[in-house]
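Participant: predicted structure and sequence below. I'll ask about it afterward.
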Amino acid sequence: MAFFERFVDFSSDSVKLECFRFFDLNEKQYLDVSDFIRLIECLLNQNSATLTESIANDLFVSFDLDADKKINEHEFENMWYNWIKPLKQPVTAFLIIDVQNDFIDDHISFFENFQLHKLSEDNEKNVEDFKLFDTVSFPGPPQFKQTLWPTHCVAGTWGEQFHPNLKVPEGSIIIHKGTDPKIDSYSAFRDNIKSSITELHQRLQERQVTHVFVCGLAYDHCVYSTALDAVDLGYVTIVIEDACRGTDVESIKRVQNILKSNNCVLAKLPEIEKFVNGKDIRIEFALTLAKLNQQNSLIM
(Lines give C-alpha, C1' and ligand atoms only; values in the text may rest on other atoms or scores of the structure.)
Protein backbone atom coordinates (compact mmCIF):
# COMPACT_ATOMS: atom_id res chain seq x y z
CA MET A 1 0.00 0.00 0.00
CA ALA A 2 1.29 3.48 -0.88
CA PHE A 3 2.41 5.47 2.14
CA PHE A 4 -0.19 8.25 1.90
CA GLU A 5 -3.19 6.00 1.27
CA ARG A 6 -3.37 5.22 4.97
CA PHE A 7 -4.09 7.59 7.84
CA VAL A 8 -0.99 9.66 8.57
CA ASP A 9 -0.45 11.10 12.06
CA PHE A 10 1.40 14.34 11.34
CA SER A 11 1.95 15.00 15.04
CA SER A 12 4.11 11.89 15.38
CA ASP A 13 7.88 12.23 14.97
CA SER A 14 8.14 8.49 14.41
CA VAL A 15 5.67 8.64 11.49
CA LYS A 16 7.61 11.55 10.01
CA LEU A 17 10.84 9.52 10.22
CA GLU A 18 9.07 6.46 8.81
CA CYS A 19 7.96 8.51 5.81
CA PHE A 20 11.47 9.83 5.24
CA ARG A 21 12.91 6.31 5.34
CA PHE A 22 10.11 4.96 3.12
CA PHE A 23 11.15 7.24 0.27
CA ASP A 24 14.91 7.19 1.02
CA LEU A 25 15.84 4.46 -1.41
CA ASN A 26 19.10 2.65 -0.50
CA GLU A 27 19.14 4.31 2.96
CA LYS A 28 21.29 7.26 1.94
CA GLN A 29 20.03 9.46 4.81
CA TYR A 30 18.69 11.97 2.30
CA LEU A 31 16.22 12.19 -0.58
CA ASP A 32 17.55 12.74 -4.07
CA VAL A 33 15.46 13.89 -7.03
CA SER A 34 14.36 10.34 -7.86
CA ASP A 35 13.21 9.74 -4.28
CA PHE A 36 11.42 13.08 -4.30
CA ILE A 37 9.60 12.26 -7.53
CA ARG A 38 8.36 8.98 -6.04
CA LEU A 39 7.06 10.93 -3.05
CA ILE A 40 5.21 13.44 -5.22
CA GLU A 41 3.73 10.69 -7.39
CA CYS A 42 2.50 8.99 -4.24
CA LEU A 43 0.89 12.23 -3.05
CA LEU A 44 -0.71 12.99 -6.40
CA ASN A 45 -1.85 9.39 -6.83
CA GLN A 46 -4.34 9.39 -9.74
CA ASN A 47 -3.07 12.83 -10.81
CA SER A 48 0.58 11.79 -11.08
CA ALA A 49 0.48 11.96 -14.88
CA THR A 50 0.37 15.76 -14.57
CA LEU A 51 3.86 15.78 -13.02
CA THR A 52 6.56 16.76 -15.50
CA GLU A 53 10.30 16.49 -14.98
CA SER A 54 10.57 20.28 -15.04
CA ILE A 55 7.91 20.72 -12.35
CA ALA A 56 9.48 18.00 -10.20
CA ASN A 57 12.89 19.65 -10.40
CA ASP A 58 11.45 23.07 -9.54
CA LEU A 59 9.66 21.62 -6.52
CA PHE A 60 12.80 19.79 -5.40
CA VAL A 61 14.86 22.98 -5.58
CA SER A 62 12.28 24.85 -3.50
CA PHE A 63 12.81 22.42 -0.60
CA ASP A 64 16.56 21.92 -1.04
CA LEU A 65 17.33 24.95 1.11
CA ASP A 66 21.12 24.54 1.10
CA ALA A 67 21.18 23.76 -2.64
CA ASP A 68 23.26 20.58 -2.25
CA LYS A 69 20.89 18.51 -4.42
CA LYS A 70 19.83 16.54 -1.36
CA ILE A 71 16.86 16.86 0.97
CA ASN A 72 18.18 16.00 4.41
CA GLU A 73 16.08 15.23 7.50
CA HIS A 74 15.94 18.90 8.53
CA GLU A 75 14.73 19.95 5.09
CA PHE A 76 12.28 17.05 5.06
CA GLU A 77 10.84 18.26 8.36
CA ASN A 78 10.07 21.58 6.69
CA MET A 79 8.40 19.67 3.83
CA TRP A 80 6.48 17.49 6.25
CA TYR A 81 4.79 20.29 8.19
CA ASN A 82 4.53 23.04 5.58
CA TRP A 83 3.81 21.09 2.41
CA ILE A 84 2.85 17.44 2.86
CA LYS A 85 0.60 18.02 5.87
CA PRO A 86 -1.53 20.81 4.31
CA LEU A 87 -1.82 18.77 1.12
CA LYS A 88 -3.10 15.71 3.00
CA GLN A 89 -4.98 17.49 5.80
CA PRO A 90 -6.18 20.80 4.35
CA VAL A 91 -7.80 23.49 6.46
CA THR A 92 -10.55 24.84 4.27
CA ALA A 93 -12.70 27.94 3.90
CA PHE A 94 -15.71 28.48 1.65
CA LEU A 95 -15.79 32.00 0.17
CA ILE A 96 -19.23 32.95 -1.18
CA ILE A 97 -18.93 36.16 -3.15
CA ASP A 98 -21.66 38.80 -3.54
CA VAL A 99 -24.71 36.55 -3.16
CA GLN A 100 -27.01 39.51 -2.66
CA ASN A 101 -30.48 40.42 -3.85
CA ASP A 102 -29.34 42.75 -6.62
CA PHE A 103 -27.67 39.82 -8.36
CA ILE A 104 -30.12 36.98 -7.68
CA ASP A 105 -33.63 35.86 -8.60
CA ASP A 106 -33.23 36.47 -12.34
CA HIS A 107 -32.50 40.13 -11.71
CA ILE A 108 -33.13 41.94 -14.97
CA SER A 109 -29.88 43.91 -14.96
CA PHE A 110 -27.77 40.74 -15.03
CA PHE A 111 -26.59 39.87 -18.53
CA GLU A 112 -27.29 36.16 -18.23
CA ASN A 113 -30.87 36.78 -17.10
CA PHE A 114 -32.29 39.28 -19.55
CA GLN A 115 -33.52 36.55 -21.90
CA LEU A 116 -35.73 35.24 -19.09
CA HIS A 117 -37.90 38.36 -19.51
CA LYS A 118 -40.14 39.45 -22.34
CA LEU A 119 -38.48 42.09 -24.53
CA SER A 120 -40.15 45.06 -26.19
CA GLU A 121 -40.82 44.77 -29.90
CA ASP A 122 -38.91 47.98 -30.63
CA ASN A 123 -35.49 46.52 -29.75
CA GLU A 124 -33.10 46.95 -32.66
CA LYS A 125 -31.34 43.59 -32.12
CA ASN A 126 -32.43 40.00 -31.90
CA VAL A 127 -32.15 38.33 -28.49
CA GLU A 128 -29.11 36.27 -29.49
CA ASP A 129 -27.25 39.38 -30.69
CA PHE A 130 -27.26 41.34 -27.42
CA LYS A 131 -23.93 41.71 -25.64
CA LEU A 132 -22.66 43.07 -22.36
CA PHE A 133 -23.09 46.87 -22.10
CA ASP A 134 -25.93 46.90 -24.66
CA THR A 135 -29.20 48.62 -23.76
CA VAL A 136 -32.37 46.54 -23.91
CA SER A 137 -35.96 47.72 -23.88
CA PHE A 138 -38.54 45.89 -21.77
CA PRO A 139 -42.32 46.36 -22.12
CA GLY A 140 -43.02 46.84 -18.42
CA PRO A 141 -45.46 48.32 -17.61
CA PRO A 142 -44.20 50.93 -17.80
CA GLN A 143 -41.81 50.36 -20.70
CA PHE A 144 -38.20 50.90 -19.72
CA LYS A 145 -34.65 50.47 -20.95
CA GLN A 146 -31.97 48.53 -19.11
CA THR A 147 -28.21 48.41 -19.63
CA LEU A 148 -26.94 44.85 -19.41
CA TRP A 149 -24.49 45.41 -16.57
CA PRO A 150 -24.11 43.81 -13.14
CA THR A 151 -25.79 46.18 -10.70
CA HIS A 152 -23.68 47.30 -7.77
CA CYS A 153 -25.29 46.83 -4.37
CA VAL A 154 -26.05 50.06 -2.55
CA ALA A 155 -25.46 50.18 1.21
CA GLY A 156 -28.63 50.13 3.27
CA THR A 157 -30.85 48.90 0.44
CA TRP A 158 -32.72 45.67 -0.15
CA GLY A 159 -30.30 44.99 -3.00
CA GLU A 160 -27.28 44.65 -0.70
CA GLN A 161 -28.97 42.14 1.59
CA PHE A 162 -28.21 38.44 1.32
CA HIS A 163 -30.64 36.45 -0.76
CA PRO A 164 -33.14 34.73 1.59
CA ASN A 165 -32.20 31.28 0.26
CA LEU A 166 -28.58 31.73 1.30
CA LYS A 167 -28.12 29.70 4.47
CA VAL A 168 -25.40 31.32 6.56
CA PRO A 169 -23.97 28.82 9.09
CA GLU A 170 -23.34 29.90 12.66
CA GLY A 171 -19.82 31.23 13.05
CA SER A 172 -19.59 32.50 9.49
CA ILE A 173 -17.64 35.72 8.91
CA ILE A 174 -19.04 38.50 6.76
CA ILE A 175 -16.42 40.56 4.94
CA HIS A 176 -17.49 43.99 3.68
CA LYS A 177 -15.90 45.30 0.49
CA GLY A 178 -16.55 48.23 -1.80
CA THR A 179 -17.19 50.54 1.13
CA ASP A 180 -15.19 53.39 -0.42
CA PRO A 181 -17.47 55.17 -2.93
CA LYS A 182 -14.46 56.42 -4.89
CA ILE A 183 -12.82 53.02 -5.48
CA ASP A 184 -14.49 49.85 -6.67
CA SER A 185 -13.60 46.52 -5.06
CA TYR A 186 -14.01 43.32 -7.01
CA SER A 187 -11.81 41.15 -4.80
CA ALA A 188 -12.86 40.16 -1.30
CA PHE A 189 -9.23 40.76 -0.26
CA ARG A 190 -8.61 44.33 -1.46
CA ASP A 191 -9.82 47.19 -3.65
CA ASN A 192 -9.14 47.44 -7.36
CA ILE A 193 -6.16 49.80 -7.09
CA LYS A 194 -4.67 47.90 -4.13
CA SER A 195 -4.80 50.93 -1.84
CA SER A 196 -6.59 49.13 1.00
CA ILE A 197 -7.26 45.59 2.17
CA THR A 198 -10.16 43.90 3.87
CA GLU A 199 -9.82 41.71 6.96
CA LEU A 200 -10.30 38.48 4.98
CA HIS A 201 -6.64 37.45 4.76
CA GLN A 202 -6.14 38.11 8.48
CA ARG A 203 -9.21 36.04 9.38
CA LEU A 204 -8.06 33.14 7.23
CA GLN A 205 -4.57 33.28 8.73
CA GLU A 206 -6.01 33.23 12.26
CA ARG A 207 -7.73 29.97 11.36
CA GLN A 208 -4.64 28.55 9.61
CA VAL A 209 -6.62 28.07 6.40
CA THR A 210 -4.67 26.45 3.56
CA HIS A 211 -7.38 25.87 0.90
CA VAL A 212 -10.15 28.23 -0.22
CA PHE A 213 -13.16 27.35 -2.35
CA VAL A 214 -14.58 30.35 -4.19
CA CYS A 215 -18.01 30.74 -5.74
CA GLY A 216 -20.68 33.38 -6.30
CA LEU A 217 -21.13 36.42 -8.53
CA ALA A 218 -19.91 37.49 -10.93
CA TYR A 219 -17.52 34.80 -12.15
CA ASP A 220 -15.56 37.08 -14.48
CA HIS A 221 -15.31 39.99 -12.04
CA CYS A 222 -15.52 39.51 -8.27
CA VAL A 223 -15.09 35.73 -8.11
CA TYR A 224 -12.17 35.91 -10.53
CA SER A 225 -10.45 38.76 -8.66
CA THR A 226 -10.92 37.06 -5.29
CA ALA A 227 -9.54 33.75 -6.58
CA LEU A 228 -6.54 35.41 -8.21
CA ASP A 229 -5.70 37.30 -5.00
CA ALA A 230 -6.17 34.13 -2.94
CA VAL A 231 -3.65 32.09 -4.92
CA ASP A 232 -1.28 35.07 -4.96
CA LEU A 233 -1.44 35.09 -1.15
CA GLY A 234 -0.52 31.40 -1.06
CA TYR A 235 -3.89 29.73 -0.64
CA VAL A 236 -4.69 26.62 -2.62
CA THR A 237 -7.58 28.02 -4.64
CA ILE A 238 -10.50 26.16 -6.20
CA VAL A 239 -13.25 27.94 -8.12
CA ILE A 240 -16.54 26.03 -7.99
CA GLU A 241 -17.76 26.73 -11.50
CA ASP A 242 -21.30 25.39 -11.20
CA ALA A 243 -21.84 27.66 -8.19
CA CYS A 244 -20.83 30.77 -10.17
CA ARG A 245 -22.48 32.97 -12.76
CA GLY A 246 -20.73 35.47 -15.01
CA THR A 247 -21.58 38.48 -17.12
CA ASP A 248 -20.18 37.57 -20.55
CA VAL A 249 -19.22 34.28 -22.19
CA GLU A 250 -16.01 35.56 -23.76
CA SER A 251 -15.02 37.34 -20.56
CA ILE A 252 -15.54 34.12 -18.61
CA LYS A 253 -13.34 32.18 -21.04
CA ARG A 254 -10.62 34.82 -20.69
CA VAL A 255 -10.55 34.72 -16.88
CA GLN A 256 -10.70 30.92 -16.85
CA ASN A 257 -7.45 30.83 -18.82
CA ILE A 258 -5.83 33.36 -16.49
CA LEU A 259 -6.92 31.47 -13.39
CA LYS A 260 -5.61 28.16 -14.72
CA SER A 261 -2.28 29.72 -15.69
CA ASN A 262 -1.95 30.92 -12.08
CA ASN A 263 -2.55 27.45 -10.60
CA CYS A 264 -6.18 27.96 -9.65
CA VAL A 265 -8.22 24.80 -10.11
CA LEU A 266 -11.63 25.04 -11.79
CA ALA A 267 -13.91 22.34 -10.43
CA LYS A 268 -17.52 21.20 -10.08
CA LEU A 269 -19.48 20.56 -6.89
CA PRO A 270 -19.21 16.72 -6.97
CA GLU A 271 -15.41 17.03 -6.84
CA ILE A 272 -15.24 19.18 -3.72
CA GLU A 273 -15.52 16.51 -1.02
CA LYS A 274 -12.34 14.75 -2.16
CA PHE A 275 -10.47 18.06 -2.15
CA VAL A 276 -11.66 18.83 1.39
CA ASN A 277 -10.63 15.37 2.62
CA GLY A 278 -7.22 15.46 0.95
CA LYS A 279 -8.16 12.52 -1.27
CA ASP A 280 -7.67 14.42 -4.53
CA ILE A 281 -4.41 16.38 -4.65
CA ARG A 282 -3.69 18.33 -7.83
CA ILE A 283 -0.30 19.47 -9.04
CA GLU A 284 -1.58 23.05 -8.75
CA PHE A 285 -2.02 22.52 -5.00
CA ALA A 286 1.54 21.27 -4.66
CA LEU A 287 2.95 24.21 -6.62
CA THR A 288 1.00 26.83 -4.67
CA LEU A 289 2.02 25.53 -1.24
CA ALA A 290 5.63 25.00 -2.31
CA LYS A 291 5.83 28.59 -3.53
CA LEU A 292 4.38 29.87 -0.25
CA ASN A 293 6.82 27.77 1.77
CA GLN A 294 9.76 29.04 -0.28
CA GLN A 295 8.65 32.65 0.27
CA ASN A 296 8.30 32.07 4.01
CA SER A 297 11.72 30.38 4.15
CA LEU A 298 13.33 33.39 2.47
CA ILE A 299 11.67 35.74 4.96
CA MET A 300 12.98 33.68 7.87
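Facilitator: On my side now, so go ahead. Numbering: from 1, shown residues only.
Participant: the residue lying closest to Thr92 once chain neighbours are set aside pairs with what?
Facilitator: Distances taken as CB to CB, 6 or more residues apart in numbering place His211 nearest to Thr92, at 4.7 Å, with adjacent residues excluded. Using the backbone N, CA and C atoms, a C-beta is placed for each residue, glycine as well. Under DSSP bridges, the beta-bridge partners of His211 are Thr92, Val236.
Participant: got the contact list for His211?
Facilitator: Shown in contact with His211 (CB atoms under 8 Å, 6 or more residues apart in numbering): 86, 90-93, 235-238, 275-276, 285.
Participant: was I right to think Ala218 contacts Val99?
Facilitator: No - taking CB atoms under 8 Å as the definition, Ala218 is not a contact partner of Val99, at 11.0 Å.
Participant: looking at these two, which one has more neighbours?
Facilitator: Between Ala218 and Val99, counting by other CB atoms under 10 Å, Ala218 is the more crowded of the two (23 against 16).
Participant: so is His74 in a helix, a strand, or just coil?
Facilitator: Three-state assignment for His74 (DSSP: H, G, I helix; E, B strand; the rest coil): helix.
Participant: and the gap between it and Gln29?
Facilitator: His74 sits 11 Å away from Gln29, going by CB to CB, to the nearest Å.
Participant: and if you look at Asp248?
Facilitator: Asp248 is 57 Å from Gln29, by CB to CB.
Participant: and if you look at Ser172?
Facilitator: For Ser172, the distance to Gln29 - CB to CB - is 48 Å.
Participant: my read: Ile238 touches Val223, true?
Facilitator: No - Ile238 lies out of contact with Val223 (CB under 8 Å); the separation is 11.6 Å.
Participant: next, the buried residues of stretch 22-30.
Facilitator: 23-24, 30 (16 or more other CB atoms under 10 Å).
Participant: could you do stretch 220-230 as well?
Facilitator: Those would be 220-230, for stretch 220-230 by 16+ other CB under 10 Å.
Participant: which one in those is the model shakiest on?
Facilitator: On pLDDT alone, His221 ranks lowest of the buried residues of stretch 220-230, at 87.
Participant: surely that residue is in a strand?
Facilitator: No - membership of His221 in a strand is not supported by three-state DSSP, which gives helix.
Participant: these two touch, right, it and Thr247?
Facilitator: Yes - between His221 and Thr247 there is a contact under CB under 8 Å: 6.6 Å.
Participant: which stretches of the stretch 201-300 of the chain form helices?
Facilitator: Using DSSP state H, counting those that start in this stretch, the helices of the stretch 201-300 of the chain run over 224-232, 249-261, 272-276, 283-299.
Participant: need those helices in CSV (columns: distance to Ile55).
Facilitator: Formatted as CSV, the helices of the stretch 201-300 of the chain follow (distance: least, CB to CB, whole Å):
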stretch, distance to Ile55
helix 224-232, 16
helix 249-261, 14
helix 272-276, 20
helix 283-299, 7
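Participant: quick one: which of those is nearest Asn82?
Facilitator: Relative to Asn82, the nearest member of the helices of the stretch 201-300 of the chain by CB to CB is helix 283-299, separated by 4.5 Å.
Participant: Gly234 versus the nearest residue to Glu284 once chain neighbours are set aside, what's the distance?
Facilitator: The shortest distance from Glu284 to any non-neighbouring residue, by CB to CB, 6+ apart, is to Asn263 (4.1 Å). Separation of Asn263 from Gly234 (CB to CB) stands at 11 Å.
Participant: what touches both of these two?
Facilitator: Thr288.
Participant: shared neighbours, Ala218 and Val99?
Facilitator: Contacts common to Ala218 and Val99, judged by CB under 8 Å, 6+ apart, are absent.
Participant: for Glu241, give me its contacts.
Facilitator: Counting by CB under 8 Å, 6+ apart, Glu241 has contacts 219, 266-268.
Participant: pLDDT at it, what is it?
Facilitator: Reported pLDDT for Glu241: 98.
Participant: so how far is Val276 from Ser172?
Facilitator: Ser172 is 17 Å from Val276, where distance means CB to CB.
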